[in-house]
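>>> this is a predicted model, with the sequence first.
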Amino acid sequence: MITVKAEVERVELAPAAALFRSLGDPARLLIVRRLAGGPARVTDLVAALGLAQSTVSEHLACLRDCGLVSSQPAGRASVFRLAQPALAQMLTAAETVLADTGNAIALCPTWGTGAGGGPAS
């Protein structure tokens, strides 16, 4: 049985869970990592990351809809940048956690790289 306090905490943490889900795709993490180094156009990201233009555009749209990146026109292109500078710090912190755990998360049978997506909620 879930207590009222536990349910309130679950509701309060829902936005944080959504944030982590929005970053749960390796392509989006690549884009965020690259944009942490400075603004870029889609063509810059395609060249740097080796992803298809359509893939980069789709993931940028997702990140923009989540408020994590912003864009501004530059001629016929758009320049993308992190809308939340703390996102770069969060990525660095995540990389530190991974290093400190010896990448145990990647090996985790539930959430690791070979897992099927985690337990049912």
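Perfect, thanks for sending it.

>>> for the rest of this, base every contact and every neighbour count on C-alpha atoms.
Noted.

>>> show me what contacts residue 23?
Neighbour list for residue 23: residue 29 [criterion: C-alpha atoms under 8 Å, 6 or more residues apart in numbering].

>>> try 6 Å
With contacts defined as C-alpha atoms under 6 Å, 6 or more residues apart in numbering, residue 23 has no neighbours.

>>> now it: how far from residue 76?
When distance is defined by C-alpha to C-alpha, to the nearest Å, residue 23 is 28 Å away from residue 76.

>>> what is the longest helix of the protein by residue count?
Longest helix of the chain, by residue count under DSSP state H: helix 4-22.

>>> center of the chain - which residue?
Using C-alpha atoms, centre = their mean, the residue of the chain that lies closest to the mean C-alpha position is residue 23, 2.1 Å off.

>>> let me see the backbone angles for that residue.
When quoted as degrees, to the nearest 10, the phi and psi of residue 23 stand at phi -100, psi 10.

>>> what segments of this protein are strands?
40-41, 69-74, 77-82 (DSSP state E).

>>> columns mean neighbour count and distance to residue 5 on top of those strands, output as a markdown table?
Compiled in a markdown table, those are given as follows (neighbours: other C-alpha atoms under 10 Å; distance: least, C-alpha to C-alpha, whole Å):
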| stretch | mean neighbour count | distance to residue 5 |
| --- | --- | --- |
| strand 40-41 | 18 | 44 |
| strand 69-74 | 15 | 34 |
| strand 77-82 | 19 | 35 |
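
>>> export these to TSV and append columns for distance to residue 27 and mean pLDDT.
Supplementary listing: those in TSV, determined by distance: least, C-alpha to C-alpha, whole Å; pLDDT from 0 to 100:
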stretch	distance to residue 27	mean pLDDT
strand 40-41	15	97
strand 69-74	14	95
strand 77-82	15	96
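
>>> got JSON lines for those, with distance to residue 30 too?
Compiled in JSON lines, the strands of the chain are given as follows (distance: least, C-alpha to C-alpha, whole Å):
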{"stretch": "strand 40-41", "distance to residue 30": "13"}
{"stretch": "strand 69-74", "distance to residue 30": "13"}
{"stretch": "strand 77-82", "distance to residue 30": "13"}
